[in-house]
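> have a look; sequence and predicted model below, questions after that.
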Amino acid sequence: EDKVVQSPLSLVVHEGDTVTLNCSYEVTNFRSLLWYKQEKKAPTFLFMLTSSGIEKKSGRLSSILDKKELFSILNITATQTGDSAIYLCAVSGGSNYKLTFGKGTLLTVNP
Amino acid sequence: GAVVSQHPSRVICKSGTSVKIECRSLDFQATTMFWYRQFPKKSLMLMATSNEGSKATYEQGVEKDKFLINHASLTLSTLTVTSAHPEDSSFYICSARSDTEQYFGPGTRLTVT
């Protein structure tokens, strides 16, 4: 059975701090790993990672995948209160690209 | 990026009635759509995988007679919650797969009274 484990489950920081969110996985026929941000509604897409060691960057957010050790990290630098959300990691695998989600990391950024 | 819509965004229904939720991919054709359920402060739980023109594949523990899924075209999948009960109250989210990514709909909040 496919499995995605995120840590920490929750995190409280102050504005300006840098955070690192972790995601480890076990999946059959790995295709890609995806990061999503969820506020009050459905998740919004952040990154899709398919290759090891290649950092993807979008503003203050960046992510990298290690396919040998089966994990990914999501970094957020200079955090802002608007970064407060649940960050979900999901892994796509199998013939139909089914996504298996981790439980998410609840990030709270205090002013 | 691609857009997926869901309708309705919010629905309140009485116990015992059925509710239909639509999921549409607006600017791409989706051969596969997925239906998820999310309880408060929990992660998304995959309910079923819907392929156009064939029967949906349900995850273990999901009752296929209760959650009817129809993927009538490459841009539309529907989820019907039949004989809804209060415990079916939840946030239902669909996603549609393009060649490279999955895009989520905005979700439907179902409340069964």
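Nice, thanks for sending it over.

> what residue in chain A comes nearest to chain B?
A:Ala42 (4.2 Å; CB to the nearest CB). The C-beta positions use only the backbone N, C-alpha and C, and glycine is treated the same way.

> what's around that residue, how many residues?
By other CB atoms under 10 Å in any protein chain shown, 23 other residues sit near A:Ala42.

> right, and it touches B:Thr108 too?
No. Judged on CB atoms under 8 Å, A:Ala42 makes no contact with B:Thr108 at a distance of 9.4 Å.

> now the common contact residues for those two.
Common contacts of A:Ala42 and B:Thr108, defined by CB atoms under 8 Å, 6 or more residues apart in numbering or on different chains, comprise B:Ile93.

> which non-adjacent residue is nearest residue 29?
Defaulting to chain A. A:Gly93 (4.9 Å; CB to CB, 6 or more residues apart in numbering or on different chains).

> wrong chain, I was asking about chain B
Nearest non-adjacent residue to B:Gln29 (CB to CB, 6+ apart): B:Leu74, at 3.9 Å.

> same question for A:Leu49.
In space, A:Leu49 is closest to A:Leu65, 3.9 Å off (CB to CB, 6+ apart).

> OK, contacts around the one you found?
Per CB under 8 Å, 6+ apart, neighbours of A:Leu65: A:33, A:49-54, A:71-72.

> same question for A:Ser10.
Contacts of A:Ser10 by CB under 8 Å, 6+ apart are A:105-108.

> which of those come close to chain B?
Near chain B, taking CB under 8 Å from any CB of the partner chain as the test, the members of the contacts of A:Ser10 found are A:Leu106.

> tabulate the contacts of A:Ser10 (CSV), appending distance to B:Tyr103, secondary structure and pLDDT.
What follows is those, written out as CSV (distance: CB to CB, whole Å; DSSP: H, G, I helix; E, B strand; the rest coil; pLDDT from 0 to 100):
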residue, distance to B:Tyr103, secondary structure, pLDDT
A:Thr105, 22, strand, 96
A:Leu106, 23, strand, 95
A:Leu107, 23, strand, 97
A:Thr108, 27, strand, 97
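
> now, of the contacts of A:Ser10, which are buried?
A:105-107 (16 or more other CB atoms under 10 Å in any protein chain shown).

> what is the nearest of those residues to A:Val12?
A:Leu107 (8.1 Å; CB to CB).

> could you measure the closest one against A:Gly59, distance?
16 Å (CB to CB, to the nearest Å).

> paired strands for the lowest-mean-pLDDT helix or strand in chain B, with orientation please.
Taking mean pLDDT, DSSP states H and E as the measure, chain B has strand B:102-104 as its least confident helix or strand, at a mean of 84. According to DSSP bridges, strand B:102-104 forms sheet pairs with strand B:90-97 (antiparallel).

> ok, and what's touching the strand it pairs with?
A:42-43, A:97, A:99, B:2, B:4, B:6, B:21, B:23, B:25, B:28, B:30-39, B:44, B:77, B:79, B:81, B:102-105, B:107-110.

> same check on stretch A:18-26?
A:2-8, A:11, A:13, A:33, A:35, A:70-79, A:87, A:89, A:91, A:100, A:102, A:105, A:107.

> which of these are buried?
Buried, going by 16+ other CB under 10 Å: A:2, A:4, A:6, A:11, A:13, A:33, A:35, A:71-74, A:76, A:79, A:87, A:89, A:91, A:100, A:102, A:105, A:107, out of the contacts of stretch A:18-26.

> how many other residues sit next to A:Glu15?
Considering only other CB under 10 Å, A:Glu15 is surrounded by 13 other residues.
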